[in-house]
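give me a model of this one.
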Amino acid sequence: MIESILQRFITAVQTHDSPGLSQLFTNDGVYDDYFFGRHSGRAEIAAMLDRFHVGGEAFCWQFHDLLEQGDLAYASYLFSYRSLEPESQGEIIVFEGMAKIRLLDGLMTHYAEVFDRGIAFSQLGYPSERIGKLLSRYAKGFVASEPVIGHLAHRKTVIG
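Below is the predicted model:
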C-alpha cells in the first residue's frame, strides 16, 4: 500500500497538485516538513506544497528501501529540485533523507522526515552566518520537543 501512496505523493509534488497531495492525508493529517515545519489538516498541507513551488521547481523524489508494518511505514529517499532562491537561482539542490509515515485506512495520518539541513542550505548558497542561525533555531526547537524532553528524563533515570 505504501508504494502506491508514495507514487501518488511524488506525482502530486511534481505536478504542483496541492489538493491531490492533501487528499493523501486524513482530514486531520500532519505533514512535518524539515524545511517548512509542521502542517496540520488538508488545507495547511496544500498551502505548504504551494510554498514548495515558490522556492523551487522541477521536483524529483525517489523513495526506496520501503518498509511497512501495520500502520507504520519508513522509506529512504533522494530528493532534488531546481532552486528559485536568489542565492542559487537555477541550481539543482539534492539531498537524501528518511520518511516515517503513519497510516489509517489507506491515508497518511502523519508524514515526518529527517535530512541534513546543512547540506541543503549550503547548496542553496546561503552565507555561513545564515546557515548557522537557521541550524541553531532548528536545534533549539529539537531540544525543546516532547520526545527529546522524554528521552532526557529517561536518561536521568538510567544514567543519572
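
contacts only, for the residue most central in space within the chain.
For the chain, the residue nearest the mean C-alpha position is D33 (3.3 Å; CA atoms, centre = their mean). Contacts for D33 (CB atoms under 8 Å, 6 or more residues apart in numbering) come out as 39, 48, 113. All C-beta atoms are positioned from the backbone trio N, CA, C, and that covers glycine.

phi, psi of it?
Backbone torsions for D33, taken as degrees, to the nearest 10, come to phi -90, psi 140.

okay, domains of the chain per the record?
Domain segmentation of the chain under automatic domain parsing yields 2-126, 128-160.

and among those domains, the most buried is which?
Greatest average neighbour count among the domains of the chain goes to domain 2-126 (a mean of 16), per mean count of other CB atoms under 10 Å.

now do that one, average pLDDT.
Averaging pLDDT along domain 2-126 yields 97.

gap between the two ends of it?
End-to-end span of domain 2-126 (CA to CA, to the nearest Å): 35 Å.

now stretch 82-99
Start to finish, the residues bounding stretch 82-99 are 21 Å apart (CA to CA).

what residues does that stretch touch?
Contacts of stretch 82-99 (CB under 8 Å, 6+ apart): 34, 54-58, 63, 74-81, 111-116, 119-120, 123-126.

for stretch 54-67, same thing?
With contact meaning CB under 8 Å, 6+ apart, stretch 54-67 is reached by 2-3, 6, 9-10, 13-14, 52, 73-85, 93, 99.
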